[in-house]
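Q: This is the structure alone, sequence omitted:
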């Protein structure tokens, strides 16, 4: 087992290190490891950009490369590279696996933006805003199909994992669209949606990286379990950030989920809170979207000390504890410390 090994020429050119920002905040104290991961990310980024613009028709290439060109955290490729560290030294298949994971993620963004009627994504007009909803959906479909083509080249296990993850993503999107069943607990429904839309892809990213590196099965299973918990924690952190963080930090209006009536975890917990301390907030949230500016401001004020917010933070930290516990079977490599530090990164986002 060892660090990534790659030809420096593979990372040549002005390729942006979109995930290095997260990597740089993990304080690993291992310059060689961080350099190798950055080189791996650069190689994956170049392969991704080549892939999304590979459609023969330049109009289709413009559509499918639109969101990828705008950037993003590239969390999924980073997780692929970290998962690969628990097998044999890196080879070309890991780069392809990183592209597969990011393509699935990008396809979900095209579809999500149509469902949400979002006007922007990563600071640029969304695909649906620029080309229309039907074209944007087809762009997302193309990216998903392309991920399957690449996964097929990695072998039957990678293709199966890709297909299972795509199915979970679509199921999560459908659950979100249809809402909870009449007899379903809304909080339980929230977690089923999050497991499909967010956690599944983080688990896949770690798993396909370990798979391509030939990591032992117990390591692959542990990484997938970690990814499931981390994914749910990420979503809860985003929910909490929407209520507390200023627009200068998140890039979006504070309390945007409240304005849109999005059933985030703190909102669902506030609606279910039967205590006297949560009565005013519960009454405000009963109507759904808070379009009235005064109601919106008041709800944000109440959430600062609401029991529902405290409960959401407890669930967040429990998920992070579960993620850390899943790492226990892994060898003490720098990559394991990086995964543990990612839990700190998520926790600090809401502090």
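A: Noted; the coordinates are in hand. These figures come from a predicted structure and were not determined experimentally. Numbers count the residues shown, from 1 in each chain.

Q: can you give me phi and psi for residue 94?
A: phi -70, psi -40 (degrees, to the nearest 10).

Q: what's the neighbour count on the nearest residue to it once chain neighbours are set aside?
A: Nearest residue to residue 94 in three dimensions, chain neighbours excluded: residue 84, at 4.5 Å (CB to CB, 6 or more residues apart in numbering). For the C-beta atoms, the positions are set from N, CA and C on the backbone; glycine is no exception. Burial of residue 84 is recorded as 30 neighbouring residues (other CB atoms under 10 Å).

Q: One more: the one 4 residues further on?
A: For residue 88, the count of nearby residues is 12 (other CB under 10 Å).

Q: part of a strand, is it?
A: No. Assessed with DSSP: H, G, I helix; E, B strand; the rest coil, residue 88 is coil; it does not lie in a strand.

Q: As a check, name the ranges of all strands in the stretch 101-250 of the chain.
A: For the stretch 101-250 of the chain, the strands defined by DSSP state E, counting those that start in this stretch cover 120-121, 124-125.

Q: Quickly run through the sheet partners of the last one, with directions.
A: I take that to be strand 124-125. If you go by DSSP bridges, strand 124-125 pairs up with strand 120-121 (antiparallel).

Q: Pull the distance from the strand it pairs with to the chain's centre.
A: 16 Å (CA atoms, centre = their mean, to the nearest Å).

Q: related to what we said a few turns ago, my guess is the residue nearest to residue 94 contacts residue 205. True?
A: No. If you go by CB atoms under 8 Å, residue 84 and residue 205 don't touch, sitting 10.3 Å apart.

Q: Residue 207: what's it in contact with?
A: Neighbouring residues of residue 207 by CB atoms under 8 Å, 6 or more residues apart in numbering: 83, 161, 220, 223-224, 227.

Q: Counting neighbours, what do you get for the closest residue to it other than its chain neighbours?
A: In space, and not counting its chain neighbours, residue 207 is closest to residue 224: 4.5 Å by CB to CB, 6+ apart. When neighbours are counted by other CB under 10 Å, residue 224 registers 23.

Q: need the strands of the stretch 101-250 of the chain in CSV with distance to residue 274, mean neighbour count and mean pLDDT, can you?
A: Listed next are the strands of the stretch 101-250 of the chain as CSV, based on distance: least, CB to CB, whole Å; neighbours: other CB atoms under 10 Å; pLDDT from 0 to 100:
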stretch, distance to residue 274, mean neighbour count, mean pLDDT
strand 120-121, 38, 17, 88
strand 124-125, 44, 14, 90
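
Q: Residue 192 is nearest to which of the ones you listed?
A: Nearest of these to residue 192, taken as CB to CB: strand 120-121 at 24.8 Å.

Q: Which residues does the closest one contact?
A: 67, 70, 109, 113, 126-127, 129.

Q: a markdown table for the residues you listed, including neighbour count?
A: Shown next, in a markdown table, are these (neighbours: other CB atoms under 10 Å):
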| residue | neighbour count |
| --- | --- |
| 67 | 25 |
| 70 | 15 |
| 109 | 21 |
| 113 | 23 |
| 126 | 24 |
| 127 | 26 |
| 129 | 17 |
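
Q: Kindly reformat those as a markdown table containing pLDDT.
A: Formatted as a markdown table, these follow (pLDDT from 0 to 100):
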| residue | pLDDT |
| --- | --- |
| 67 | 92 |
| 70 | 89 |
| 109 | 93 |
| 113 | 88 |
| 126 | 91 |
| 127 | 92 |
| 129 | 93 |
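
Q: Export the residues you listed to JSON lines and append columns for distance to residue 29.
A: Output for those, formatted as JSON lines (distance: CB to CB, whole Å):
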{"residue": "67", "distance to residue 29": "34"}
{"residue": "70", "distance to residue 29": "32"}
{"residue": "109", "distance to residue 29": "34"}
{"residue": "113", "distance to residue 29": "39"}
{"residue": "126", "distance to residue 29": "40"}
{"residue": "127", "distance to residue 29": "41"}
{"residue": "129", "distance to residue 29": "43"}
